[in-house]
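K.L.:
Provided below for reference: sequence and predicted model.
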Amino acid sequence: MLMTAQTLKDKTVMALEKELDEAMNHIKELRFKISANQLKNVRDVRKTRQVIAQIRTALAEKKTEKEQT
């Protein structure tokens, strides 16, 4: 699930939005598992939040590039 910054920069805005949607759904599932005491590795939540932040940063960069042109 972890991606490098370069792979995120190479993706289109639509692909990034799809990745963001999938990551948000994944973190929702992880939170439900935590509440039900089914999740063994709670670090997955941290990793998923980092991925979400990376995707949002890449989206913001893409949008500022479009505004500048």
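P.N.:
All right, it came through fine. Numbering: from 1, shown residues only.
K.L.:
contacting residues for I52?
P.N.:
For I52, the contacting residues are 20, 23-24, 27, by Cβ atoms under 8 Å, 6 or more residues apart in numbering. Where C-beta positions appear, they are placed from N, C-alpha and C, glycine not excepted.
K.L.:
Chain neighbours aside, what residue packs nearest to V13?
P.N.:
Distances taken as Cβ to Cβ, 6 or more residues apart in numbering place K62 nearest to V13, at 5.3 Å, with adjacent residues excluded.
K.L.:
how many other residues sit next to that neighbour?
P.N.:
A count of nearby residues for K62, using other Cβ atoms under 10 Å, gives 16.
K.L.:
where in this structure is pLDDT low?
P.N.:
Low-confidence regions of the chain, defined by pLDDT under 70, span residues 1-2.
K.L.:
about what we covered before: in helices, which of the contacts of I52 fall?
P.N.:
20, 23-24, 27 (DSSP state H).
K.L.:
Assign a three-state SS to Q38, would you?
P.N.:
Here Q38 is recorded as coil under DSSP: H, G, I helix; E, B strand; the rest coil.
K.L.:
Same check on L8?
P.N.:
helix.
K.L.:
Report the contact partners of it.
P.N.:
Taking Cβ under 8 Å, 6+ apart as the test, what L8 contacts is 16, 54-55, 58.
K.L.:
helix or strand for the residue nearest the centre of the chain, which one?
P.N.:
Central residue of the chain (Cα atoms, centre = their mean): I52, 2.6 Å from the mean position. Following DSSP states H and E, one finds I52 within helix 43-68.
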